[in-house]
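> Sequence isn't available, so here's the structure alone:
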């Protein structure tokens, strides 16, 4: 027991300078500024209450997609190194059933605002969060169009995006449970 206690103590003493070096060299543990905190402090819900101003169409999004997204997600989002974002076709949305590998598609989401929020926060991979709000609306519109959910000329903005009816909207447990639950017939 005494041997293991002295070994642990020695390791702690040796690890302390390495921790200090990591903090000074890589800014590990550096406190966030108020501006950095505010950049994370918003939530885009299903109703789109916190969506910023901006707009975009599928045509504008096609140009952006070809430049910044096609490398990882493949031509038109149908195949690629990372994820398949498109299941349906323009005018023919995919309505399921969704296999586990289909859950990366925009068509799987219950609300279009989820796609906007994810693209805004996490894309493109080399520099997440670098797209302007107009570019995020355009990319979202392009993917919604390619999945057959909206038309090619439909303008997506803070008012129209939350109104998009997603094909899998009812495929999830409701955000607010219904109580008492609906009575079902005995043969169900």
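Everything's here; your move. Please read all numbers here as calculations on a predicted model, not as lab measurements.
> Spatially central residue for the protein, please.
Nearest residue to the geometric centre of the chain (CA atoms, centre = their mean): residue 118, 2.1 Å.
> What separation is there between that one and residue 91?
To residue 91, residue 118 is 24 Å away according to CB to CB, to the nearest Å. Where C-beta positions appear, they are placed from N, C-alpha and C, glycine not excepted.
> pLDDT value on residue 5, please?
pLDDT recorded at residue 5 is 64.
> Residue 112 is in contact with residue 169, correct?
No. Judged on CB atoms under 8 Å, residue 169 makes no contact with residue 112 at a distance of 9.6 Å.
> Which of these two has more residues huddled nearby?
More neighbours surround residue 112 than the other of residue 169 and residue 112, with 26 against 13 (other CB atoms under 10 Å).
> tell me the contacts of the more buried one?
Residues near residue 112 by CB atoms under 8 Å, 6 or more residues apart in numbering: 106, 140, 144, 149, 156, 161-162, 164, 166.
> which of those residues tops the neighbour count?
residue 156 (30 neighbours).
> Who does that residue form a beta bridge with?
Note on residue 156: beta-bridge partners by DSSP bridges are residue 56.
> Could you list the buried residues of stretch 64-75?
Neighbour counts over stretch 64-75 (16 or more other CB atoms under 10 Å) mark 64-65, 68-69, 72-74 as buried.
> Can you pull out the low-pLDDT segments for the chain?
By pLDDT under 70, the low-scoring segments of the chain are 1-12, 14-28, 39-41, 174-175, 181, 184-188.
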